[in-house]
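Undergrad: after the sequence you'll find the predicted model.
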Amino acid sequence: MSNILTRKYIQAVVLAGVFFLVSCTQNSLTGKRQLTMIPEAELQSLASSQYNDFFKTHAVVNQKTNANAAMVNRIGTNIAKAVNRYYASNKKSAVLNGYQWEYNLVNDNAVNAWCMPGGKIVVYTGLLPVTINENALAVVIGHEVSHALLQHGNQRMSGSMLQQLGGMTLSVALSSKPAATQDIFMQAYGVGTEVGLMLPFSRKHELEADRYGLIWAAMAGYDPNEALAFWDRMEKASGGQQVPEFLRTHPSDAIRKEKIKSYLPEALRYRGK
Ligand SMILES: [Zn+2]
C-alpha cells in the first residue's frame, strides 16, 4: 500500500471507530451492541416509498384469485402475529410501533424473498418451486423478517453510507444524493438482485436470522424441521456454481444445516405459543 492509501485506510478505520462509539445501539432481540447510524423510523419511511416504487416494475400476484399469493399473505400474517406476541411477552411491543406489515407475491423467476424495515415483505414466484410447501415458505419468511428485526439491513446500510457518503445523515443523503442513497438501500436489502437468497448478509447475520426465523415459524404454527429439507433443495437448485466466489460469504450448506439442527430444539419449545 502506498503512503496515501495507508493514510486513507487509517482515516477510514478511525472514522468507523468514532461512528461506532457514537452510533452504537442495542438490538431489541439479541441485546447485542451494533452499528446502526440510521434511526429506524427514517429507514421505515424510506422503505415504505421504496416498497411502493418496487411495484412499478414488478407485477403483484392477486391474493384474491391466486392460491400462492393467498398463501404468502396467510404465512406473513401468522408470522407477524407471532412476532407481535413475542415482543409483547418481553414487554418490547414499542419496538414494533412503526411496523405496518405487508406481504406480496411478485411474478419474477428469481429465487428470492426479502423484508424491508417496517415489515414490508416480498416473495418472488421463482422461490416457490424450491420451498414447495407452506412450512418451508414460513421458514424463509421468518428468516427474512429476522433480518429486518435484527436490523441487519440498517447495519449494512450504515456501513455503506459511511464508506460511500462519508457518514452523512439519511435525510441529507436523500436530498443531496437521492439516486446513490436509494441504490445503497436496495443493495442493503437484497432487492432486485439476480442472486436472490444467495446474496446474503454476513455468515454471522445469516445464522442469526436462521435462528430467530425458526422461532417465528414455530410460534406461527408451522414445522421448523422443514428448514433442513428446504436448504437441501436450495443446495440442489443453486447447483453450487452460479454464485460468484466473491459473493460466497454465506455459511456453507453443511455448516448451516448443522447450526439449524442445533437451533431446532429451542424453536420447537415455542411451537404454538
Ligand atoms: Zn438471509
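TA: Right, received. Where do you want to start?
Undergrad: buried ones in stretch 175-194?
TA: 177, 181-182, 184-193 (16 or more other CB atoms under 10 Å). Heads up, the C-betas are built off the backbone N, CA and C, glycines and all.
Undergrad: what is the nearest of these to the ion?
TA: Comparing those against the ion with CB to the ion picks out Gly190 as the nearest, at 7.8 Å.
Undergrad: what ranges does the stretch 101-250 of the chain have for its helices?
TA: In chain order, the stretch 101-250 of the chain shows helices spanning 128-131, 134-149, 152-165, 170-176, 178-188, 203-219, 226-238, with DSSP state H, counting those that start in this stretch as the criterion.
Undergrad: Glu42 is nearest to which of these?
TA: With CB to CB as the criterion, Glu42 lies closest to helix 170-176 of the helices of the stretch 101-250 of the chain, at 5.0 Å.
Undergrad: contact partners of that closest one?
TA: Outside helix 170-176, the residues that touch it by CB atoms under 8 Å, 6 or more residues apart in numbering are Ile38, Pro39, Glu42, Leu43, Leu46, Met161, Leu165, Met168, Ala180, Thr181.
Undergrad: taking these, tell me the two that lie furthest apart.
TA: Among the contacts of helix 170-176, the pair separated by the greatest distance (CB to CB) is Pro39 and Ala180, which sit 19.5 Å apart.
Undergrad: so what pLDDT did Ile38 get?
TA: Model confidence at Ile38, expressed as pLDDT, equals 88.
Undergrad: wait, doesn't it sit right on Arg156?
TA: No - checked against CB atoms under 8 Å, the pair Ile38 and Arg156 is beyond contact range at 10.6 Å.
Undergrad: which elements pack onto the helix of greatest length in the chain?
TA: Once the chain is assigned using DSSP state H, the helix that runs over the most residues is helix 67-89. Contact analysis of helix 67-89 by 3 or more CB pairs under 8 Å, 6 or more residues apart in numbering; DSSP states H and E lists strand 102-106, strand 120-124, helix 134-149, helix 203-219 as its packing neighbours.
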